[in-house]
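> pasted the sequence and its predicted model underneath.
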Amino acid sequence: QRATALCNNIENEAVSNDGTGVVEEDQHDLFMQYLSAELGFPVYVRDEIECILCESHPMRSLNCRDWFRKGMSLYDCNEKGEFFCRKYGRNTEWMKLRPPEHYAFAYLEISPVLYIPLDPMLSYYAADFGDELRSKKVVFKGRSSKTSSHQQSYTKSYQASKDKLCRLSLQTADFFLGSDKKKNKISSIFVLGDAEHAVEPTRCNDVEQYRTGKILHRYLQTLPIAKSPLSLYMAAGCYHKDAELHNDQVTVYPGHIDKPFVHTAWFVPLGGTPFFTVVAVSTSYNLVQDPTSLQIFDEWREKLTTSEARKVDEFLQDFEVQAKLHMRLDSVIRLIYLIKCGSVLSFPANQCYHATITPKKPSGYPRDLFIFHPLDGIS
(Lines give C-alpha, C1' and ligand atoms only; values in the text may rest on other atoms or scores of the structure.)
Protein backbone atom coordinates (compact mmCIF):
# COMPACT_ATOMS: atom_id res chain seq x y z
CA GLN A 1 0.00 0.00 0.00
CA ARG A 2 2.75 2.43 0.85
CA ALA A 3 4.66 1.57 -2.34
CA THR A 4 1.45 2.29 -4.28
CA ALA A 5 1.09 5.56 -2.39
CA LEU A 6 4.63 6.57 -3.37
CA CYS A 7 4.01 5.76 -7.05
CA ASN A 8 0.74 7.71 -7.06
CA ASN A 9 2.29 10.67 -5.23
CA ILE A 10 -0.37 10.66 -2.49
CA GLU A 11 0.19 13.57 -0.13
CA ASN A 12 0.84 13.13 3.60
CA GLU A 13 1.38 9.38 3.27
CA ALA A 14 4.30 8.09 5.36
CA VAL A 15 6.26 5.61 3.27
CA SER A 16 7.68 3.39 6.00
CA ASN A 17 7.17 0.23 7.95
CA ASP A 18 7.01 2.00 11.32
CA GLY A 19 4.86 5.07 10.54
CA THR A 20 7.68 7.57 11.14
CA GLY A 21 8.85 7.95 7.55
CA VAL A 22 11.80 5.56 7.90
CA VAL A 23 12.17 2.18 6.24
CA GLU A 24 14.32 0.07 8.56
CA GLU A 25 17.35 -1.65 7.07
CA ASP A 26 15.93 -5.18 7.30
CA GLN A 27 12.90 -4.03 5.27
CA HIS A 28 14.78 -2.31 2.41
CA ASP A 29 14.69 -5.14 -0.11
CA LEU A 30 11.08 -6.02 0.60
CA PHE A 31 9.97 -2.40 0.19
CA MET A 32 11.99 -1.95 -3.01
CA GLN A 33 10.56 -5.16 -4.47
CA TYR A 34 7.04 -3.81 -3.83
CA LEU A 35 8.04 -0.47 -5.38
CA SER A 36 9.54 -2.23 -8.42
CA ALA A 37 6.30 -4.16 -8.93
CA GLU A 38 4.16 -1.02 -8.55
CA LEU A 39 6.32 0.75 -11.13
CA GLY A 40 5.64 -2.09 -13.57
CA PHE A 41 9.18 -3.45 -13.90
CA PRO A 42 9.18 -7.12 -14.98
CA VAL A 43 12.46 -7.79 -13.12
CA TYR A 44 13.55 -6.43 -9.73
CA VAL A 45 16.97 -4.78 -9.98
CA ARG A 46 18.05 -3.39 -6.61
CA ASP A 47 20.51 -0.82 -7.98
CA GLU A 48 17.91 0.55 -10.37
CA ILE A 49 15.34 1.04 -7.61
CA GLU A 50 17.95 2.64 -5.36
CA CYS A 51 18.76 5.11 -8.15
CA ILE A 52 15.06 5.88 -8.55
CA LEU A 53 15.02 6.63 -4.83
CA CYS A 54 17.79 9.20 -5.44
CA GLU A 55 20.52 7.01 -3.93
CA SER A 56 23.34 8.94 -5.55
CA HIS A 57 25.88 8.96 -2.69
CA PRO A 58 28.32 6.01 -3.03
CA MET A 59 27.83 3.15 -0.59
CA ARG A 60 24.70 4.54 1.07
CA SER A 61 22.10 1.99 2.14
CA LEU A 62 18.85 3.89 2.73
CA ASN A 63 19.65 4.85 6.32
CA CYS A 64 18.28 8.35 5.76
CA ARG A 65 14.89 9.43 4.45
CA ASP A 66 14.56 9.48 0.69
CA TRP A 67 12.04 11.19 -1.55
CA PHE A 68 11.44 12.34 -5.09
CA ARG A 69 12.03 16.04 -5.61
CA LYS A 70 9.65 17.75 -8.01
CA GLY A 71 11.11 19.70 -10.91
CA MET A 72 14.22 17.56 -11.35
CA SER A 73 15.13 15.51 -14.40
CA LEU A 74 15.44 11.74 -14.22
CA TYR A 75 18.39 9.80 -15.61
CA ASP A 76 18.73 6.14 -16.53
CA CYS A 77 21.26 3.77 -18.07
CA ASN A 78 20.37 0.59 -19.96
CA GLU A 79 22.24 -2.70 -20.14
CA LYS A 80 24.24 -1.43 -23.16
CA GLY A 81 25.66 1.47 -21.19
CA GLU A 82 23.52 4.05 -23.01
CA PHE A 83 22.35 7.04 -21.00
CA PHE A 84 18.87 8.58 -21.10
CA CYS A 85 17.28 11.69 -19.59
CA ARG A 86 13.65 12.66 -19.06
CA LYS A 87 12.71 16.21 -18.12
CA TYR A 88 10.20 16.84 -15.36
CA GLY A 89 6.56 16.80 -16.37
CA ARG A 90 3.85 14.50 -17.68
CA ASN A 91 4.27 15.35 -21.36
CA THR A 92 8.00 14.56 -21.60
CA GLU A 93 9.85 11.65 -23.14
CA TRP A 94 13.09 9.81 -22.53
CA MET A 95 15.90 11.27 -24.65
CA LYS A 96 19.15 9.45 -25.40
CA LEU A 97 22.24 11.35 -24.28
CA ARG A 98 25.57 11.48 -26.06
CA PRO A 99 28.30 10.61 -23.53
CA PRO A 100 31.44 12.77 -23.34
CA GLU A 101 34.47 11.67 -25.30
CA HIS A 102 36.41 11.22 -22.07
CA TYR A 103 35.36 11.07 -18.43
CA ALA A 104 37.34 13.31 -16.10
CA PHE A 105 38.49 12.23 -12.66
CA ALA A 106 36.31 14.11 -10.18
CA TYR A 107 37.88 16.95 -8.17
CA LEU A 108 41.46 16.19 -9.25
CA GLU A 109 43.32 19.25 -10.50
CA ILE A 110 46.70 17.49 -10.48
CA SER A 111 47.70 14.28 -12.23
CA PRO A 112 45.42 11.44 -11.14
CA VAL A 113 48.44 9.13 -10.76
CA LEU A 114 51.41 10.23 -8.67
CA TYR A 115 54.50 8.12 -8.05
CA ILE A 116 57.43 8.77 -5.73
CA PRO A 117 60.18 6.23 -6.56
CA LEU A 118 62.15 6.65 -3.34
CA ASP A 119 61.94 8.88 -0.29
CA PRO A 120 64.56 8.05 2.38
CA MET A 121 62.45 9.25 5.31
CA LEU A 122 59.41 7.39 4.00
CA SER A 123 61.52 4.24 3.75
CA TYR A 124 62.51 4.59 7.41
CA TYR A 125 58.99 5.28 8.68
CA ALA A 126 57.38 2.55 6.53
CA ALA A 127 59.88 -0.10 7.65
CA ASP A 128 59.30 0.83 11.30
CA PHE A 129 55.53 0.55 10.87
CA GLY A 130 55.93 -2.82 9.17
CA ASP A 131 58.05 -4.11 12.05
CA GLU A 132 55.55 -2.86 14.63
CA LEU A 133 52.62 -4.48 12.83
CA ARG A 134 54.42 -7.83 12.76
CA SER A 135 55.39 -7.63 16.44
CA LYS A 136 52.11 -6.41 17.97
CA LYS A 137 48.57 -7.77 18.04
CA VAL A 138 46.51 -6.98 14.93
CA VAL A 139 42.85 -7.86 14.32
CA PHE A 140 42.86 -9.69 11.00
CA LYS A 141 39.94 -10.66 8.78
CA GLY A 142 38.83 -14.24 8.39
CA ARG A 143 38.80 -17.33 10.57
CA SER A 144 41.48 -17.78 13.21
CA SER A 145 41.57 -21.59 13.20
CA LYS A 146 44.88 -23.42 13.06
CA THR A 147 44.32 -24.38 9.43
CA SER A 148 43.17 -21.03 8.08
CA SER A 149 45.04 -18.64 10.41
CA HIS A 150 43.31 -15.65 8.76
CA GLN A 151 45.04 -16.47 5.47
CA GLN A 152 43.30 -15.48 2.27
CA SER A 153 44.07 -16.45 -1.30
CA TYR A 154 42.27 -13.98 -3.49
CA THR A 155 40.38 -15.02 -6.62
CA LYS A 156 38.71 -12.97 -9.32
CA SER A 157 35.07 -12.70 -8.41
CA TYR A 158 33.90 -11.02 -11.60
CA GLN A 159 35.93 -12.44 -14.47
CA ALA A 160 37.00 -15.77 -15.84
CA SER A 161 40.20 -17.19 -14.38
CA LYS A 162 42.69 -16.97 -17.24
CA ASP A 163 45.99 -16.18 -15.57
CA LYS A 164 48.17 -19.17 -14.74
CA LEU A 165 50.39 -17.42 -12.23
CA CYS A 166 50.10 -18.33 -8.56
CA ARG A 167 47.84 -16.00 -6.62
CA LEU A 168 49.19 -14.14 -3.62
CA SER A 169 48.34 -15.59 -0.20
CA LEU A 170 48.12 -13.06 2.58
CA GLN A 171 46.42 -11.91 5.75
CA THR A 172 44.46 -8.67 5.66
CA ALA A 173 43.39 -6.22 8.33
CA ASP A 174 41.35 -3.02 8.20
CA PHE A 175 42.47 0.20 9.88
CA PHE A 176 41.14 3.67 10.65
CA LEU A 177 42.35 6.81 12.40
CA GLY A 178 40.52 6.96 15.71
CA SER A 179 40.48 10.75 15.93
CA ASP A 180 38.91 11.09 12.45
CA LYS A 181 36.35 8.38 13.16
CA LYS A 182 35.34 10.16 16.35
CA LYS A 183 35.23 13.58 14.67
CA ASN A 184 33.00 12.28 11.87
CA LYS A 185 30.88 10.19 14.27
CA ILE A 186 31.25 7.06 12.15
CA SER A 187 29.73 3.95 13.72
CA SER A 188 30.40 1.48 10.88
CA ILE A 189 33.33 1.69 8.48
CA PHE A 190 33.49 0.93 4.75
CA VAL A 191 36.32 -1.49 3.91
CA LEU A 192 38.00 -2.72 0.73
CA GLY A 193 37.03 -6.39 0.90
CA ASP A 194 34.83 -7.89 -1.81
CA ALA A 195 31.17 -8.30 -0.81
CA GLU A 196 31.83 -6.70 2.57
CA HIS A 197 29.51 -3.99 3.78
CA ALA A 198 30.28 -1.46 6.52
CA VAL A 199 31.91 -3.23 9.48
CA GLU A 200 32.02 -2.47 13.19
CA PRO A 201 35.12 -0.62 14.44
CA THR A 202 35.81 -3.55 16.79
CA ARG A 203 36.66 -5.62 13.72
CA CYS A 204 39.22 -3.01 12.64
CA ASN A 205 42.38 -1.50 14.10
CA ASP A 206 43.19 2.07 15.09
CA VAL A 207 46.31 3.38 13.33
CA GLU A 208 46.81 5.82 16.19
CA GLN A 209 47.34 2.91 18.58
CA TYR A 210 50.58 2.18 16.72
CA ARG A 211 53.23 4.80 17.37
CA THR A 212 55.01 4.31 14.04
CA GLY A 213 51.69 4.26 12.20
CA LYS A 214 50.85 7.76 13.43
CA ILE A 215 54.28 8.98 12.36
CA LEU A 216 53.98 7.41 8.90
CA HIS A 217 50.53 8.87 8.26
CA ARG A 218 51.65 12.32 9.41
CA TYR A 219 54.67 12.19 7.09
CA LEU A 220 52.60 11.11 4.09
CA GLN A 221 50.52 14.26 4.52
CA THR A 222 53.65 16.33 3.76
CA LEU A 223 54.37 14.64 0.40
CA PRO A 224 53.16 15.77 -3.06
CA ILE A 225 50.54 12.99 -3.06
CA ALA A 226 48.67 14.96 -0.36
CA LYS A 227 48.26 18.17 -2.38
CA SER A 228 44.79 17.22 -3.52
CA PRO A 229 41.93 18.38 -1.22
CA LEU A 230 40.76 14.76 -1.22
CA SER A 231 43.83 13.77 0.83
CA LEU A 232 42.07 15.14 3.91
CA TYR A 233 39.86 12.05 3.83
CA MET A 234 42.74 9.54 3.71
CA ALA A 235 42.18 8.30 7.25
CA ALA A 236 41.64 4.56 6.79
CA GLY A 237 43.57 1.68 5.33
CA CYS A 238 44.03 -2.00 4.63
CA TYR A 239 47.11 -3.98 5.70
CA HIS A 240 48.32 -6.83 3.48
CA LYS A 241 50.58 -9.17 5.47
CA ASP A 242 52.44 -11.60 3.26
CA ALA A 243 51.80 -15.20 4.38
CA GLU A 244 54.99 -16.24 2.48
CA LEU A 245 53.44 -19.48 1.22
CA HIS A 246 54.70 -19.15 -2.36
CA ASN A 247 58.14 -17.56 -2.10
CA ASP A 248 59.47 -19.82 -4.86
CA GLN A 249 56.91 -18.65 -7.42
CA VAL A 250 55.91 -15.47 -9.23
CA THR A 251 52.63 -14.42 -7.61
CA VAL A 252 49.89 -11.98 -8.61
CA TYR A 253 47.11 -10.03 -6.96
CA PRO A 254 44.41 -10.22 -9.68
CA GLY A 255 43.16 -7.15 -11.50
CA HIS A 256 40.18 -5.28 -10.07
CA ILE A 257 38.56 -1.89 -9.55
CA ASP A 258 37.90 -0.84 -5.96
CA LYS A 259 34.61 0.28 -4.44
CA PRO A 260 33.15 3.71 -5.32
CA PHE A 261 34.28 5.42 -2.10
CA VAL A 262 37.97 4.72 -2.87
CA HIS A 263 38.56 7.89 -4.91
CA THR A 264 42.24 7.66 -3.98
CA ALA A 265 44.52 4.87 -2.81
CA TRP A 266 48.06 5.25 -1.50
CA PHE A 267 50.17 2.11 -1.94
CA VAL A 268 52.83 2.22 0.79
CA PRO A 269 55.05 -0.91 0.90
CA LEU A 270 56.28 -1.95 4.33
CA GLY A 271 58.33 -5.08 3.60
CA GLY A 272 61.71 -5.84 2.11
CA THR A 273 60.56 -7.33 -1.20
CA PRO A 274 59.95 -5.06 -4.22
CA PHE A 275 57.02 -5.84 -6.49
CA PHE A 276 55.28 -4.34 -9.51
CA THR A 277 51.89 -2.60 -9.57
CA VAL A 278 50.16 -2.49 -12.95
CA VAL A 279 47.66 0.35 -13.43
CA ALA A 280 45.39 1.06 -16.42
CA VAL A 281 44.40 4.67 -17.07
CA SER A 282 42.47 6.52 -19.75
CA THR A 283 44.47 7.66 -22.78
CA SER A 284 43.06 11.16 -22.28
CA TYR A 285 45.46 11.86 -19.42
CA ASN A 286 48.60 11.46 -21.48
CA LEU A 287 50.48 9.86 -18.61
CA VAL A 288 53.99 8.64 -19.34
CA GLN A 289 55.43 5.34 -18.17
CA ASP A 290 58.08 5.69 -15.46
CA PRO A 291 61.22 4.62 -17.40
CA THR A 292 63.13 3.23 -14.44
CA SER A 293 60.24 1.03 -13.33
CA LEU A 294 59.80 -0.32 -16.86
CA GLN A 295 63.53 -0.96 -17.26
CA ILE A 296 63.68 -2.92 -14.00
CA PHE A 297 60.56 -4.88 -14.97
CA ASP A 298 61.99 -5.76 -18.41
CA GLU A 299 65.33 -6.82 -16.88
CA TRP A 300 63.49 -9.00 -14.35
CA ARG A 301 61.34 -10.57 -17.07
CA GLU A 302 64.40 -11.39 -19.19
CA LYS A 303 65.78 -13.53 -16.33
CA LEU A 304 62.62 -15.63 -16.06
CA THR A 305 62.31 -19.10 -17.53
CA THR A 306 60.50 -19.39 -20.86
CA SER A 307 57.42 -20.76 -19.10
CA GLU A 308 57.39 -18.02 -16.46
CA ALA A 309 57.88 -15.25 -19.03
CA ARG A 310 55.00 -16.64 -21.10
CA LYS A 311 52.72 -16.65 -18.05
CA VAL A 312 53.64 -13.04 -17.24
CA ASP A 313 52.96 -11.97 -20.84
CA GLU A 314 49.60 -13.75 -20.83
CA PHE A 315 48.70 -12.09 -17.54
CA LEU A 316 49.51 -8.63 -18.93
CA GLN A 317 47.58 -9.30 -22.15
CA ASP A 318 44.53 -10.43 -20.17
CA PHE A 319 44.98 -7.42 -17.88
CA GLU A 320 44.55 -5.00 -20.80
CA VAL A 321 41.48 -6.84 -22.10
CA GLN A 322 39.83 -6.80 -18.68
CA ALA A 323 40.85 -3.17 -18.06
CA LYS A 324 39.03 -2.01 -21.21
CA LEU A 325 36.01 -4.08 -20.24
CA HIS A 326 35.70 -2.87 -16.64
CA MET A 327 36.67 0.73 -17.37
CA ARG A 328 34.38 0.80 -20.44
CA LEU A 329 37.05 2.28 -22.68
CA ASP A 330 38.17 1.41 -26.19
CA SER A 331 41.82 1.89 -25.27
CA VAL A 332 43.85 2.31 -22.10
CA ILE A 333 47.41 3.08 -21.13
CA ARG A 334 49.09 0.32 -19.12
CA LEU A 335 51.57 1.65 -16.58
CA ILE A 336 53.97 -0.46 -14.52
CA TYR A 337 55.44 0.88 -11.27
CA LEU A 338 58.19 -0.57 -9.12
CA ILE A 339 56.92 -0.60 -5.55
CA LYS A 340 59.54 -0.95 -2.82
CA CYS A 341 60.02 0.30 0.72
CA GLY A 342 60.42 4.06 0.43
CA SER A 343 58.18 4.49 -2.60
CA VAL A 344 54.49 5.44 -2.73
CA LEU A 345 51.94 5.23 -5.52
CA SER A 346 48.75 7.32 -5.48
CA PHE A 347 45.92 6.71 -7.97
CA PRO A 348 42.09 6.68 -8.20
CA ALA A 349 41.49 3.03 -7.38
CA ASN A 350 37.73 3.28 -8.01
CA GLN A 351 38.36 4.15 -11.67
CA CYS A 352 41.66 2.52 -12.59
CA TYR A 353 41.88 -1.23 -13.12
CA HIS A 354 44.98 -2.44 -11.26
CA ALA A 355 46.89 -5.54 -10.21
CA THR A 356 50.27 -6.53 -8.75
CA ILE A 357 53.05 -8.94 -9.75
CA THR A 358 55.49 -10.12 -7.09
CA PRO A 359 58.79 -11.79 -8.11
CA LYS A 360 60.14 -14.90 -6.44
CA LYS A 361 61.88 -14.04 -3.20
CA PRO A 362 63.82 -15.55 -0.30
CA SER A 363 62.06 -16.40 2.95
CA GLY A 364 62.05 -13.63 5.55
CA TYR A 365 61.58 -10.81 3.04
CA PRO A 366 57.79 -10.37 3.00
CA ARG A 367 55.80 -8.38 0.48
CA ASP A 368 53.90 -6.37 3.12
CA LEU A 369 51.76 -3.47 1.91
CA PHE A 370 49.61 -0.82 3.57
CA ILE A 371 46.92 0.76 1.40
CA PHE A 372 45.69 4.08 2.74
CA HIS A 373 42.21 4.99 1.51
CA PRO A 374 39.40 7.43 2.43
CA LEU A 375 37.59 7.02 5.73
CA ASP A 376 33.89 6.62 4.99
CA GLY A 377 31.03 4.83 6.63
CA ILE A 378 27.69 5.05 8.35
CA SER A 379 27.14 7.64 11.07
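That came through fine.

> just give me the neighbour total for the spatially closest residue to residue 272 that is not a sequence neighbour.
Once flanking residues are discounted, residue 272 sits nearest to residue 365: 4.2 Å by CB to CB, 6 or more residues apart in numbering. All C-beta spots, glycine's among them, are computed from the backbone N, C-alpha and C. If you count neighbours by other CB atoms under 10 Å, residue 365 ends up with 14.

> mind listing what residue 365 touches?
Contacts for residue 365 (CB atoms under 8 Å, 6 or more residues apart in numbering) come out as 271, 272, 273.

> and those residues as TSV, adding secondary structure?
Formatted as TSV, the contacts of residue 365 follow (DSSP: H, G, I helix; E, B strand; the rest coil):
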residue	secondary structure
271	coil
272	coil
273	coil
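
> just for the protein, where's the confidence low?
Scanning the chain for pLDDT under 70 picks out the ranges 1-25, 54-70, 99-111, 143-163, 194-196, 230.

> scan it for its longest helix.
In the chain, with assignment by DSSP state H, the single longest helix is helix 306-327.

> contacts for it, please.
Against helix 306-327 from outside (CB under 8 Å, 6+ apart): 158-159, 162-165, 250, 252, 255, 257, 278, 280, 282, 301-302, 304, 329-332, 334, 351-353, 355, 357.

> if we can go back for a sec, check the secondary structure at the residue nearest to residue 272 for me.
coil.

> ignoring the adjacent residues along the chain, who's closest to the residue positioned nearest the centre of the chain?
Centroid check for the chain by CA atoms, centre = their mean gives residue 258 as the closest residue, at 2.3 Å. Of all residues not flanking residue 258 in the chain, residue 349 sits nearest, at 4.0 Å (CB to CB, 6+ apart).

> so what's that neighbour up against?
Contacts of residue 349 (CB under 8 Å, 6+ apart): 257, 258, 262, 264, 265, 373.

> part of a strand, is residue 93?
No - secondary structure of residue 93 (three-state DSSP): coil, not part of a strand.

> touching, it and residue 86? I think so.
Yes - counting by CB atoms under 8 Å, residue 86 is a contact partner of residue 93 at 6.7 Å.

> which of these two has more neighbours?
Set side by side, residue 93 and residue 86 show more neighbours around residue 86, with 13 against 8, by other CB under 10 Å.

> the more buried one and residue 218, how far apart?
49 Å (CB to CB, to the nearest Å).

> next, give phi and psi for residue 290.
Torsion angles at residue 290 (phi, psi; degrees, to the nearest 10) stand at phi -70, psi 120.

> that one: how many residues sit nearby?
Considering only other CB under 10 Å, residue 290 is surrounded by 18 other residues.

> for the host helix or strand of residue 171, buried residues please.
Following DSSP states H and E, one finds residue 171 within strand 169-176. Neighbour counts using 16 or more other CB atoms under 10 Å place 170, 171, 172, 173, 174, 175, 176 of strand 169-176 among the buried residues.

> quickly list what the closest residue to the last one other than its chain neighbours is bridged to.
Distances taken as CB to CB, 6+ apart place residue 236 nearest to residue 176, at 4.6 Å, with adjacent residues excluded. For residue 236, the beta-bridge assignment (DSSP bridges) gives partners residue 176, residue 373.

> count of neighbours near residue 236?
27.

> does it touch residue 374 like I think?
Yes - counting by CB under 8 Å, residue 236 touches residue 374, with 6.6 Å between them.

> from residue 363, how far off is residue 245?
Remark: distance between residue 245 and residue 363 (CB to CB) = 11 Å.

> quick one, which of these two is more surrounded?
Neighbour comparison, residue 245 and residue 363: the larger count goes to residue 245, with 14 against 8 (by other CB under 10 Å).

> three-state assignment of residue 142?
On the three-state scheme (three-state DSSP), residue 142 is labelled coil.

> contacts only, for the residue nearest to the centre of the chain.
Counting by CB under 8 Å, 6+ apart, residue 258 touches 192, 265, 349, 350, 373.
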